[in-house]
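Peer 1: I would like the atomic coordinates for the input below:
(4 chains)
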Protein chains: 4
Amino acid sequence: MPFRHSFGILGGDKRQLFLAELLASDGYEVFVYGFPHIDFVHSSIRKVDLKTTLENCQDLILPLPVSTDGKNLKAIYADGPIPLDDHFAKECEGHRVYVGMKERLLKTSPFWENADVRDYNAQEEFAVRNAAITAESAVGIAISESPDVLYHSRCLVVGFGRIGKQLSLRLKAMGANVSVCARKEKDYAMIESLGMKPIPTAKIGEETSFDLIFNTVPAVLFDRRVLQQFANTIILIDLASSPGGVDLEAAKELGIHAVQALSLPAKIAPKAAGKVIQQTIYMMMGE
Amino acid sequence: MPFRHSFGILGGDKRQLFLAELLASDGYEVFVYGFPHIDFVHSSIRKVDLKTTLENCQDLILPLPVSTDGKNLKAIYADGPIPLDDHFAKECEGHRVYVGMKERLLKTSPFWENADVRDYNAQEEFAVRNAAITAESAVGIAISESPDVLYHSRCLVVGFGRIGKQLSLRLKAMGANVSVCARKEKDYAMIESLGMKPIPTAKIGEETSFDLIFNTVPAVLFDRRVLQQFANTIILIDLASSPGGVDLEAAKELGIHAVQALSLPAKIAPKAAGKVIQQTIYMMMGE
Amino acid sequence: MPFRHSFGILGGDKRQLFLAELLASDGYEVFVYGFPHIDFVHSSIRKVDLKTTLENCQDLILPLPVSTDGKNLKAIYADGPIPLDDHFAKECEGHRVYVGMKERLLKTSPFWENADVRDYNAQEEFAVRNAAITAESAVGIAISESPDVLYHSRCLVVGFGRIGKQLSLRLKAMGANVSVCARKEKDYAMIESLGMKPIPTAKIGEETSFDLIFNTVPAVLFDRRVLQQFANTIILIDLASSPGGVDLEAAKELGIHAVQALSLPAKIAPKAAGKVIQQTIYMMMGE
Amino acid sequence: MPFRHSFGILGGDKRQLFLAELLASDGYEVFVYGFPHIDFVHSSIRKVDLKTTLENCQDLILPLPVSTDGKNLKAIYADGPIPLDDHFAKECEGHRVYVGMKERLLKTSPFWENADVRDYNAQEEFAVRNAAITAESAVGIAISESPDVLYHSRCLVVGFGRIGKQLSLRLKAMGANVSVCARKEKDYAMIESLGMKPIPTAKIGEETSFDLIFNTVPAVLFDRRVLQQFANTIILIDLASSPGGVDLEAAKELGIHAVQALSLPAKIAPKAAGKVIQQTIYMMMGE
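Peer 2: Numbering: from 1, shown residues only, chains lettered A, B, ... in the order given. The predicted structure follows:
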């Protein structure tokens, strides 16, 4: 068991394809399991079975989320389901396992306690970098969903957290007039200093002259009562994680175009998202 | 024949739908011909035949381009072809006709000489405003076509005309490192002053470390010899009008992802494009 | 004692001149004490003595800092010292007193406990707004102190707090290449996402290819050992509050041009700073 | 006479000090005449008399403007006047002479026809690069002259030429609301596309709600009649070359703060300005 300078990638989606290439570019040996039909660019990337991966790699990378059904590994390029069972967990004993949403993995078997399981998705740094990708992707969605242009448009960004901050700056950079809904007085001051207009979240729906609304808050702020305040020509892009911040049924009835924009890094910029997984794991290894 | 405060819209595409609404919003009476199945928002927009349009409107708006086959009016929402023949031209006698690509219209009949035909597409102002829409749309295309993100990416914009100027500024605003190919020494100075790197067009293909290339020059600069210099992971977005600036066959053989991005205002931002037609016609009326 | 819609301004500097005008513009009655020779624009501003001010105003505004020597009111336009003694404190009994650096005031007399003393300088919102002013002023100082231009220059901003954030964004907006020294990994991610280069504070002095350095950290990071690493052509602008972050003696010996830039809002933008005092007091009144 | 890899700098101001250092940094031998008391950083820079300079250098650099009185060389660091007479011109025979404002030099002697005199100031590229420096310097002046901040301020830039373009973009980058006076319809479209508000120059003085006005047009647009339209709290920065675009006497009488901001590159950023002279001469040598 050489156990050095190698990574095992177990399952995943498009992000893992890029992650494998990026790790190979950095000179690591890369073993992948769950990608039987993919033609990788780096010929050094080895498509193997679980056993071979574990024999050759101490560091294993599992996807984000590790599982969508709670039972099987997320592995969209695999031929069939890869069960996350006691067998899988036992095989991983003694390995360092980088995973997104650790708690879902731990529930699948008690034997995970014998592995060194670390959640890259729980790193603040990972969240910030993905917020940047999400913000740029949201700009792209706005450009393609709206029949109008962003510059001179009136945009409302709801929430001034990681995504709200980066999104509002990008919209402004593209020439939009940007208002931002936030809850804290100190955020109002920062929003104003950045050349945008602060609106207290409590007053949502009072000012309604917007062309585009981007929601980042994971609470149903846009219920029927609030939605009714807006013209039905607005475009509402909901970036909040499921179940989101918009009463979609009410939006539909009111004729409002609401776009549920989930998992943007994986969907719109999988290469960038793969790079962020790589950077975060490098950082976690260095700690 | 009241002939006042009314516009007749004859044929067109999605831009004309928005144009009709915008004119109606401004209080004009709007008669449209060639849109039998469209449900307009403003109930005042009247779907009529050619004769009724002409009886009610002195100012007629024809599409851009006025015809794609040289024989019939461009009218993608009409039930059948609307021939641009002597009859059509004679009917328009005495009217002011705003059209895109006037020369195509004049070729269809000698009787156009009896109408006051004006080309909005020939206005410099129209070109500048459409360049802004094209630039934003190109940013949107780059975001959705590239698996990576724009910020920190290395972009090359070929050409520093109307589109090149606005596109390079927007890419920079989105965080990209931008180089611009231009021919004139004074352009190099301006490019540098705006925080971008100038590259003489003659040296295209010498520096090749780019992630995205946007071509705006309507000449085949990207022939096989030049394309071969680049890694085949680049994404090449060709904004130059047909036949464009890229040897598409060579690109395909080399495995380079080339995107032909034509008529972006009509396709990506028809509302904004309709607004620009409106603004330009208003300006021409005021002259 | 009408006690309504009036403000008493007791002492201060240039900021209070603008504050008085701004309050008068908003329709308040304004009584000022400590400005005998000032010609105010609003004729309604009344120059009176302490007693008249207190008789007419429930809300009193004292300067920031309230005192520079711990004994007298800061009042640079007064004819002589205005002692902060028991008499002054007793006179203010029953009043609402807005002050900057409350703790300095409370030390001057035990009788302040009978007044409702509130510190606008302690409000987070006040700090954020002043940081924006400081950031812009620092850009102005850099332009005038450096014989070179900001665009294309290599700037290092030390610290990514309120001032560091706003300053680095403004320098980038002016075309500079910006690096930012910060301590937290999550800040590195945000700095990168904003198109700037993060440098761990611990590594200060390792990378030295900068033209301009802006320090915002109130600790002597730039001691002799660190200063020696840089070329003596750098310009070092120290924004950290006294005693600052630079060993000035060492800088002088090394021939490094170090600028102590303190109290920038009051010095460079007193009108904006007066507006921020006004906004903060309005906010405190509304709570 | 080796005549290679050497430059002779004859007279000048602060820009020439930096120019000499920059040329020396690039490995050229540099001979300077007219700087007897300057301590240059590069020890290789030789302070010599006119004769020695000419013996050693084929390429001579004269200042911009070459003369302020039409008789003597501009040489602010010289001990006495250096006459531009027949003797001087004859001595330069057979040399390549780079000069700013060639026509002033030619008037001083008929013997200049025997030298190869080239005007760097007449290069479009030189003008564009100096416009960038002027634009940044004007931002610096605005920050220090105004008691308020640029962000959220209402700025009017008069003229959309080289300086107007670069200045308006920088003001916007600093957070200002920018309007631009221009004459051409196509400029209006570009101004709008860049997120600024176009105003026809003919309508100057009609819209008056501005905090700062920057004039770049060398014609007295701001005469008494126009000045009277504005509040006397505006700050007017005149960047147009002498005699400028403002009736200064009227401004004074009206209590308007007007700043004549001439020769900003030489005054505010002499190093950057010296670099531009260097770049332009290099380019001219390569042609």
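Peer 1: what residues does the stretch 1-150 of chain A put near chain C?
Peer 2: A:123-126, A:128-129, A:131-132 (Cβ under 8 Å from any Cβ of the partner chain). Quick note: C-beta positions are derived from backbone N, CA and C, even for glycine.
Peer 1: Now, of these, which are buried?
Peer 2: With burial judged by 16 or more other Cβ atoms under 10 Å in any protein chain shown, the buried subset of the residues of the stretch 1-150 of chain A next to chain C is A:123, A:125-126, A:128-129, A:131-132.
Peer 1: So which of the residues of the stretch 1-150 of chain A next to chain C are in helices?
Peer 2: Those of those mapping onto helices are A:124-126, A:128-129, A:131-132, per DSSP state H.
Peer 1: filter those down to the ones close to chain B.
Peer 2: Answer for those near chain B (Cβ under 8 Å from any Cβ): residue A:132.
Peer 1: hey, where'd the strands end up in the stretch 101-250 of chain A?
Peer 2: Ranges of strands within the stretch 101-250 of chain A are A:116-119, A:154-158, A:177-182, A:197-200, A:212-215, A:235-238, based on DSSP state E, counting those that start in this stretch.
Peer 1: separation between residue A:190 and chain B?
Peer 2: Distance, residue A:190 to chain B, by Cβ to the nearest Cβ, to the nearest Å: 20 Å.
Peer 1: Including mean neighbour count and mean pLDDT, could the strands of the stretch 101-250 of chain A go into TSV?
Peer 2: Conversion of the strands of the stretch 101-250 of chain A to TSV gives the following (neighbours: other Cβ atoms under 10 Å in any protein chain shown; pLDDT from 0 to 100):
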stretch	mean neighbour count	mean pLDDT
strand A:116-119	19	97
strand A:154-158	25	98
strand A:177-182	24	97
strand A:197-200	16	96
strand A:212-215	26	98
strand A:235-238	24	97
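Peer 1: would TSV of the buried ones among the residues of the stretch 1-150 of chain A next to chain C with pLDDT be doable?
Peer 2: Output for these, formatted as TSV (pLDDT from 0 to 100):
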residue	pLDDT
A:123	95
A:125	93
A:126	96
A:128	95
A:129	95
A:131	96
A:132	96
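Peer 1: Reformat the residues you listed as JSON lines; add distance to residue A:82.
Peer 2: Shown next, in JSON lines, are these (distance: Cβ to Cβ, whole Å):
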{"residue": "A:123", "distance to residue A:82": "25"}
{"residue": "A:125", "distance to residue A:82": "29"}
{"residue": "A:126", "distance to residue A:82": "24"}
{"residue": "A:128", "distance to residue A:82": "31"}
{"residue": "A:129", "distance to residue A:82": "28"}
{"residue": "A:131", "distance to residue A:82": "30"}
{"residue": "A:132", "distance to residue A:82": "31"}
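Peer 1: now, the most widely separated pair of these?
Peer 2: Taking every pair in those and measuring Cβ to Cβ, the maximum separation is 14.4 Å, between A:123 and A:132.
Peer 1: Could you pull out the buried residues of stretch A:30-43?
Peer 2: Of all the residues in stretch A:30-43, those buried under the rule 16+ other Cβ under 10 Å are A:30-35, A:40.
Peer 1: Can you name the residues in contact with that stretch?
Peer 2: For stretch A:30-43, the surrounding residues in contact (Cβ atoms under 8 Å, 6 or more residues apart in numbering or on different chains) are A:6-12, A:16-17, A:20-21, A:23-25, A:44-50, A:52-53, A:56-57, A:73, A:75, A:77-79, A:82.
Peer 1: if we go to 6 Å?
Peer 2: A:7-11, A:20-21, A:23-24, A:45-48, A:50, A:53, A:56-57, A:75, A:77-79 (Cβ atoms under 6 Å, 6 or more residues apart in numbering or on different chains).
Peer 1: The closest residue to residue A:65 other than its chain neighbours - how many residues pack around it?
Peer 2: Among residues not flanking residue A:65 along the chain, residue A:101 sits closest, at 4.4 Å (Cβ to Cβ, 6 or more residues apart in numbering or on different chains). Neighbours of residue A:101 under the rule other Cβ atoms under 10 Å in any protein chain shown: 18.
Peer 1: Report the helix or strand with the lowest average pLDDT across chain A.
Peer 2: Every helix and strand of chain A was ranked by mean pLDDT, DSSP states H and E. The lowest is helix A:185-193, at a mean of 91.
Peer 1: ok, residue A:161 - how many residues close by?
Peer 2: As a burial measure, residue A:161 scores 13 neighbours (other Cβ under 10 Å).
Peer 1: show me what contacts the nearest residue to it once chain neighbours are set aside?
Peer 2: Leaving aside its chain neighbours, residue A:161 sits nearest to residue A:216 (6.3 Å; criterion: Cβ to Cβ, 6+ apart). Counting by Cβ under 6 Å, 6+ apart, residue A:216 touches A:159, A:163-164, A:239-240.
Peer 1: just curious, which of those residues is nearest to chain D?
Peer 2: If you rank those by distance to chain D using Cβ to the nearest Cβ, residue A:164 comes first, at 18.8 Å.
Peer 1: The closest one reaches residue A:156, doesn't it?
Peer 2: No: judged on Cβ atoms under 6 Å, residue A:164 makes no contact with residue A:156 at a distance of 10.6 Å.
Peer 1: interface residues of the stretch 151-287 of chain A facing chain C?
Peer 2: Residues of the stretch 151-287 of chain A lying close to chain C by Cβ under 6 Å from any Cβ of the partner chain are A:185-186, A:189-190, A:193.
Peer 1: Need the max-distance pair from those residues.
Peer 2: A:185 and A:193 (13.1 Å).
Peer 1: With neighbour numbers in mind, choose between these two.
Peer 2: residue A:193 (25 against 18).
Peer 1: and the gap between the residue nearest to the more buried one when sequence neighbours are not counted and residue B:286?
Peer 2: What sits nearest to residue A:193 in space, not counting adjacent residues and going by Cβ to Cβ, 6+ apart, is residue C:132, at 3.5 Å. Taking Cβ to Cβ, to the nearest Å as the measure, residue C:132 falls 42 Å from residue B:286.
Peer 1: Break chain A into its domains for me.
Peer 2: Domains of chain A are assigned by automatic domain parsing as A:6-122, A:130-266.
Peer 1: Around the residue nearest to residue A:86 when sequence neighbours are not counted, count how many other residues there are.
Peer 2: Among residues not flanking residue A:86 along the chain, residue A:109 sits closest, at 4.7 Å (Cβ to Cβ, 6+ apart). Counted with other Cβ under 10 Å, the neighbours of residue A:109 add up to 17.
Peer 1: could you give the angle of the least confident helix or strand of chain A to strand A:154-158?
Peer 2: 150 degrees (axes from the mean of the first three to the mean of the last three Cα atoms, to 10 degrees).
Peer 1: Format the CA atom coordinates belonging to helix A:185-193 as PDB.
Peer 2: The C-alpha atoms that make up helix A:185-193 are tabulated as PDB, following Å, rounded to 0.1, in the frame of the first residue of the first chain:
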ATOM      1  CA  GLU A 185     -28.800  48.500  10.300                       C
ATOM      2  CA  LYS A 186     -25.000  48.000   9.800                       C
ATOM      3  CA  ASP A 187     -25.700  46.200   6.600                       C
ATOM      4  CA  TYR A 188     -27.700  49.100   5.400                       C
ATOM      5  CA  ALA A 189     -24.700  51.300   5.900                       C
ATOM      6  CA  MET A 190     -22.400  48.900   4.000                       C
ATOM      7  CA  ILE A 191     -25.000  48.500   1.200                       C
ATOM      8  CA  GLU A 192     -25.200  52.300   0.800                       C
ATOM      9  CA  SER A 193     -21.400  52.700   0.800                       C
END
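Peer 1: I am finished for the moment; much appreciated.
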